[in-house]
Each structure stands twice: as structure tokens, then as C-alpha cells.
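In: Mind looking at a prediction? Sequence and model below.
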Amino acid sequence: MHEKHDIEKRLKFEISRISEEIGGAPVLIVIGEDTEANIPTTMTASSIKDKDVRLRDLLGVFQTSIQIESWKHFGTWK
């Protein structure tokens, strides 16, 4: 396993705190790579526990939420 960046450690703490504040709902954070901000790689954090959550799994959750919001917007969500 690769050495964790300090930001990844902070994300794990913050993601748990935010999830607890909102009643345990799943929370996802994605931070994009940026040399000016000293972010060496795209990082993800999730409050989903007891699973080996991969980036593609998290993107699936994002895609589902986008589809639901689109359905709501166009009035097809019942």
C-alpha cells in the first residue's frame, strides 16, 4: 500500500465527522490532483465502512445521484 498523504489522513477524520453530524448518511469526497495546491494525486474518501470501496464504486454513487436529480428536474421522478 502506498504511503498516505497528510491530506488523506485529514479526509478520513473529516468524512467520519460530517457523516456523524448528519445522522450517519454516506458522505463522499473527491479531491483532484493539483500541483499548485500540492495535491499529488486524485484522492477519494468515503464514510462507507467495512468495504473495500474503489473509485469506480464511488463514481457509480455519483452517477446514480445525478440521474435521480435529472429525473426530479424533468418531473419523471415519482
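Out: Received, thanks.
In: CA atoms for contacts and neighbours, from now on please.
Out: OK.
In: Quick one: the helices in the chain, in order.
Out: 6-21, 55-73 (DSSP state H).
In: what's near enough to touch residue 8?
Out: With contact set as C-alpha atoms under 8 Å, 6 or more residues apart in numbering, residue 8 has these partners: 43, 44, 45.
In: The most centrally placed residue in the chain pairs with what?
Out: With distances taken as C-alpha atoms, centre = their mean, the residue of the chain nearest its centroid is residue 28 (2.1 Å). Beta-bridge partners of residue 28, counted by DSSP bridges, are residue 46.
In: quick revisit: out of the helices of the chain, which one sits most buried?
Out: A comparison of those by mean neighbour count, using mean count of other C-alpha atoms under 10 Å, puts helix 6-21 on top with a mean of 15.
In: separation between the residue nearest to the centre of the chain and residue 74?
Out: Per C-alpha to C-alpha, to the nearest Å, residue 28 is found 25 Å from residue 74.
In: again, but for residue 16
Out: To residue 74, residue 16 is 34 Å away according to C-alpha to C-alpha.
In: now swap in residue 17 and tell me
Out: Distance from residue 17 to residue 74, by C-alpha to C-alpha: 34 Å.
In: Tell me which residues are up against stretch 32-40.
Out: Under C-alpha under 8 Å, 6+ apart, the answer for stretch 32-40 is 41, 42, 43.
In: Apply 6 Å and report the result again.
Out: Identification of contacts with stretch 32-40 by C-alpha atoms under 6 Å, 6 or more residues apart in numbering yields 41, 42.
In: Buried ones in it, by neighbour count?
Out: Burial within stretch 32-40, assessed by neighbour count using 16 or more other C-alpha atoms under 10 Å, is assigned to residue 39.
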